Structure formats: C-alpha cells, structure tokens
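Undergrad: 3D model of this:
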Amino acid sequence: MEGFAAGASALAGQAAGLRAAVDSGKVVMTPEAAERVAKIYEDKADKLQVKMRRTERLIAKGAFGDCNIGRALGQKFEDKVNAPEVGLVAILTKMQEILRNMAQAYRDSARDMQNTDDEHARNLNRNV
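TA: Have a look, this model is predicted:
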C-alpha cells in the first residue's frame, strides 16, 4: 500500500503544479488540445474505477478458512483494503479525484485562452 500512497502523493504534487501553472497563465491551450489531454486523464480515472470494483472482489469471505486464524487473516486483509485514508480503496479514490481535477485544469486553460481571445476581439472592435 505504501507504493500506492507514494504514487498518489506524487500525483497530487503534479496536479498542484499544473493548477498553479494554469491559474498563473503559464499553461494556455486551444480548446481542442485541452479536451484531448483532459480525455486522457478522465480515461485513466475511469480505469481506476474498474480497479476499485475489482478490489472489492479481492475480499472473499472465508477465503482463508473457517477458523479463528483464517477469519483473522481475512479481517486483516479487509482492513488494509478498506481502511479510511490509507486503504487501497481510499488511495484509488483519491487518485481518481486528482486525475479528474487535472482534466478540469486543462479545460480551464482552454477557457482562459478563449476568454483572452474574446477580450482582444472586443478591444479591437472598440478601437476600429
């Protein structure tokens, strides 16, 4: 789980950098290009959704036997998968949210470009 957590942390850092670049105007894309990139991030988020559904199948009741040790192992595994904030499901959910936020940041960069173009067109029309 530590590897997943580290990956989520790294992804969060990338997302924060992207958002800062978009908000400061350093990332500006055409709407078509932004949508293509955003779609890639949303596809990755959708794939994580599939992995989360598969994760629930990993928790098979009775897979470790119907004895005290088997039940304890099963519970331990379930706790690792479903632990709030640090379990596999929580980490995958956070990564999915980050990917969707990154997709939105790219879309926002296109919107900023469009707004700038519109403003320049209005200014040109006033000066003519």
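Undergrad: Mind checking which residue lies nearest the centre of the chain?
TA: Against the mean C-alpha coordinate of the chain, by C-alpha atoms, centre = their mean, the closest residue is residue 99 at 2.3 Å.
Undergrad: Mind telling me what element that one is part of?
TA: For residue 99, the host element (DSSP states H and E) is helix 88-127.
Undergrad: before we move on, the earlier item: would you enumerate the residues in contact with the residue nearest to the centre of the chain?
TA: 11, 41-42, 44-45, 48 (C-beta atoms under 8 Å, 6 or more residues apart in numbering). (Each C-beta comes from the backbone N, C-alpha and C, glycine too.)
Undergrad: repeat for residue 92
TA: Counting by C-beta under 8 Å, 6+ apart, residue 92 touches 4, 48, 51-52, 55.
Undergrad: quick one, the lowest-mean-pLDDT helix or strand in the chain and helix 88-127 angle?
TA: Using mean pLDDT, DSSP states H and E, the weakest-scoring helix or strand in the chain turns out to be helix 68-82, at a mean of 81. Here helix 68-82 points in a direction 10 degrees away from that of helix 88-127 (axes from the mean of the first three to the mean of the last three C-alpha atoms, to 10 degrees).
Undergrad: And helix 68-82, what does it pack against?
TA: Using 3 or more C-beta pairs under 8 Å, 6 or more residues apart in numbering; DSSP states H and E, the elements in contact with helix 68-82 are helix 31-58, helix 88-127.
Undergrad: Please compute how far the helix holding residue 99 lies from its chain's middle.
TA: The chain centroid and the centroid of helix 88-127 are separated by 15 Å, computed with C-alpha atoms, centre = their mean, to the nearest Å.
Undergrad: Good, we can wrap up now.
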